[in-house]
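Chemist: Mind folding the following:
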Amino acid sequence: MDDVDAPQETQTAREAEDARREAEALRRDREKAERAEAKEAERARRDQERAERDATKAAERRQREADRRIRDREKAEREDRERQEREARDAAREAANRLREAERAERAASLAQQRAARDAEKARRQAVRVAASTGPSDDLPTDLPPGIAVLWRAPAVGRPGPRPGLSLEQIADAGIALADAEGLDAVSMSRLAESLGFTTMSLYRYVSSKDEVLSLMSDRASGRPPAIGPELGDWRERLELILSIQQPILRAHPWLARTTAVLHAIGPGRLAWMEGMLAALDGTPLTEAQKVGAIGVLATHQLDQLRVSEQLSTQARTAALGPADGEAPDLGALIGMLATPGAHPALLRAVEAGGFSWGAVDEDALDFGTQLILDGIEKLIAVARSRPQPRLALTTGHGSGAVSDPVATLDA
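Modeler: Sure thing, here's the model as predicted:
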């Protein structure tokens, strides 16, 4: 019995072992399949993340390219605008240069004509001696004030003899030469007579006072503006051109800012500049009173700028505050020496930024203040075009709302 049971138990044990081995194989196969499935899932996850990163990079690359195209387009537009502005400025500067050359040629021709006329008079010796108090010409009013009448006096005929008489132009030129070289304070009747080779008393036969000399100097130094018509551009271009033509005159004769005692002595030159500036505003919707006020503000600003420059030049000449050649000292350097960080921080920032460095400004360009006034006139014109404007009340007083006298346009 026991011999029969032993083989059966052995068979059962083998079957159990086979079953265990099969179960173990199944378990290993299942674990292998699970690992393979996990690896496949991880690979799919990594592929998805890679695809997402690639998509993000592609989107960022497209955005960068779009931004670069926008920047390139803006840069090209900016460069085109700057090029057009430079060309416009160069064209205006070239036009101003041509006008100045034409003006110099006209002055030279006028001087040559005057010399020829004087030589002819001396050769013929048909002139008669006349006093300098010759009255105004028949074409002008006879009741002009003395300070104005001298500016409109008919040219005196040269007197015969070995020592010819003086002309008002000679007196004015001598005064201009003195003022240009030594400043307005150097101009006196005695110095003027000495430079002309005459006595002081003999000079009074031609002019009655120093104020008359200053009037003659101011009017002659200002010259005459060229004819500027609508073919040169709109009102602003015409005004800018006139102002740019005035600048070298003002720089050559800074003492013009100190002839305020005779600013109301309206001579041919002053009248011509006033006419030119008013005519530049033709075609705008401004009233005549607004036009006069506008050129008065421009004139006042130009005089103020010139006055500061002239005073600094005078200080440089007399008090050794600047260069020995009489040029204006460095205002920024002077302010930098006097200002302190605690009391004047804004001033020091302006000094450090070069805000007072006048010498660095383009001499052919209009200053910031002038451009600001022109912008204001442009705004006034735009408002006048958009709706009817009430007539402005202008005054020459010094109270609130007063507008500077436009007669000062000559010196602006």
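Chemist: What does S208 show for phi and psi?
Modeler: phi -90, psi -10 (degrees, to the nearest 10).
Chemist: Count the neighbours of it for me.
Modeler: Neighbour count for S208, taken as other CB atoms under 10 Å: 15. Using the backbone N, CA and C atoms, a C-beta is placed for each residue, glycine as well.
Chemist: and the gap between it and A172?
Modeler: Per CB to CB, to the nearest Å, S208 is found 15 Å from A172.
Chemist: For A55, pull up the helix or strand it's in.
Modeler: A55 belongs to helix 2-124 when assigned by DSSP states H and E.
Chemist: what's that helix packed up against?
Modeler: Helices and strands touching helix 2-124, by 3 or more CB pairs under 8 Å, 6 or more residues apart in numbering; DSSP states H and E, are helix 235-252.
Chemist: And whichever helix or strand comes after the helix it packs on, what's buried?
Modeler: As assigned by DSSP H and E, the chain's next helix or strand after helix 235-252 is helix 268-280. Residues 269-274, 276-280 are the ones in helix 268-280 that count as buried (16 or more other CB atoms under 10 Å).
Chemist: ditto for stretch 187-197
Modeler: In stretch 187-197, counting by 16+ other CB under 10 Å, buried: 187, 189, 192-193, 196.
Chemist: For that stretch, which outside residues touch it?
Modeler: Around stretch 187-197, the neighbours that count as contacts under CB atoms under 8 Å, 6 or more residues apart in numbering are 166, 170-171, 174-175, 177-179, 199-200, 202-204, 210, 213-214, 217.
Chemist: C-terminal to whichever strand or helix holds L334, what's the next element?
Modeler: Using DSSP H and E, L334 maps to helix 331-338. Once the chain leaves helix 331-338, the next helix or strand it forms, by DSSP H and E, is helix 345-352.
Chemist: returning to that earlier point: centre of the chain to the helix holding A55, how far?
Modeler: Remark: helix 2-124 is offset 42 Å from the chain centroid, using CA atoms, centre = their mean, to the nearest Å.
Chemist: Now that helix: average pLDDT?
Modeler: Taken as a whole, helix 2-124 has an average pLDDT of 85.
Chemist: and I249, how many neighbours?
Modeler: Using other CB under 10 Å, I249 has 18 neighbouring residues.
Chemist: Isn't it up against R220?
Modeler: No - I249 is beyond contact range of R220, at 11.2 Å (criterion: CB atoms under 8 Å).
Chemist: Show me what counts as buried in the helix holding L334.
Modeler: Applying a neighbour-count criterion of 16+ other CB under 10 Å, the buried positions in helix 331-338 are 331-332, 334-336.
Chemist: want to throw these into TSV with distance to A95 and pLDDT?
Modeler: Converted to TSV, the buried residues of helix 331-338 look like this (distance: CB to CB, whole Å; pLDDT from 0 to 100):
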residue	distance to A95	pLDDT
L331	32	73
G332	33	79
L334	38	81
I335	37	86
G336	39	85
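Chemist: Going by neighbour count, which residues of stretch 286-305 are buried?
Modeler: Within stretch 286-305, the residues scored as buried using 16+ other CB under 10 Å are 286, 290-303, 305.
Chemist: Distance check, E103 against E49.
Modeler: Here the distance between E103 and E49 works out to 79 Å (CB to CB).
Chemist: Pull up the per-residue confidence for E240.
Modeler: 90.
Chemist: That one: what's its closest spatial neighbour, skipping adjacent residues?
Modeler: Counting by CB to CB, 6 or more residues apart in numbering, the nearest residue to E240 once its immediate chain neighbours are dropped is L366, at 6.2 Å.
Chemist: Tell me the secondary structure at that neighbour.
Modeler: State at L366, reduced to three classes by DSSP: H, G, I helix; E, B strand; the rest coil: coil.
Chemist: returning to that earlier point: tell me the angle of the helix holding L334 relative to helix 345-352?
Modeler: Using axes from the mean of the first three to the mean of the last three CA atoms, to 10 degrees, one finds that helix 331-338 and helix 345-352 are set 140 degrees apart in direction.
Chemist: helices or strands up against helix 331-338?
Modeler: Helix 331-338 sits against helix 345-352, with contacts defined as 3+ CB pairs under 8 Å, 6+ apart.
Chemist: what comes into contact with the helix it packs on?
Modeler: Residues contacting helix 345-352 (CB under 8 Å, 6+ apart): 332-333, 335-336, 339-341, 356.
Chemist: hmm, back to that, E103 and E49: which is more packed in?
Modeler: E103 (16 against 10).
Chemist: For A44, see how far away the more buried one is.
Modeler: Taking CB to CB as the measure, E103 falls 87 Å from A44.
Chemist: Using CSV, write out the CA atom coordinates for the helix or strand harbouring A193.
Modeler: Element membership for A193 (DSSP H and E) is helix 189-196. Output of helix 189-196 as CSV, limited to C-alpha atoms (Å, rounded to 0.1, in the frame of the first residue of the first chain):
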residue,chain,number,x,y,z
MET,A,189,30.9,161.7,-29.8
SER,A,190,34.6,162.3,-29.1
ARG,A,191,35.8,158.8,-30.0
LEU,A,192,33.6,158.9,-33.1
ALA,A,193,35.0,162.2,-34.2
GLU,A,194,38.5,161.0,-33.6
SER,A,195,38.1,157.9,-35.7
LEU,A,196,36.7,160.0,-38.5
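Chemist: From the contacts of stretch 187-197, which land in helices?
Modeler: Applying DSSP state H to the contacts of stretch 187-197, the entries found in helices are 170-171, 174-175, 177-179, 200, 202-203, 210, 213-214, 217.
Chemist: possible to save the buried residues of stretch 187-197 as JSON lines with distance to R35?
Modeler: Listed next are the buried residues of stretch 187-197 as JSON lines, based on distance: CB to CB, whole Å:
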{"residue": "V187", "distance to R35": "111"}
{"residue": "M189", "distance to R35": "119"}
{"residue": "L192", "distance to R35": "116"}
{"residue": "A193", "distance to R35": "121"}
{"residue": "L196", "distance to R35": "119"}
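Chemist: returning to that earlier point: format the buried residues of helix 268-280 as TSV; extra columns: distance to G229.
Modeler: Compiled in TSV, these are given as follows (distance: CB to CB, whole Å):
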residue	distance to G229
G269	20
R270	21
L271	19
A272	15
W273	16
M274	17
G276	11
M277	14
L278	14
A279	8
A280	10
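Chemist: So what's the residue count around G376?
Modeler: Around G376 sit 12 other residues, with neighbours defined as other CB under 10 Å.
Chemist: where does the stretch 201-350 of the chain dip in pLDDT?
Modeler: Scanning the stretch 201-350 of the chain for pLDDT under 70 picks out the ranges 259-265, 309-329.
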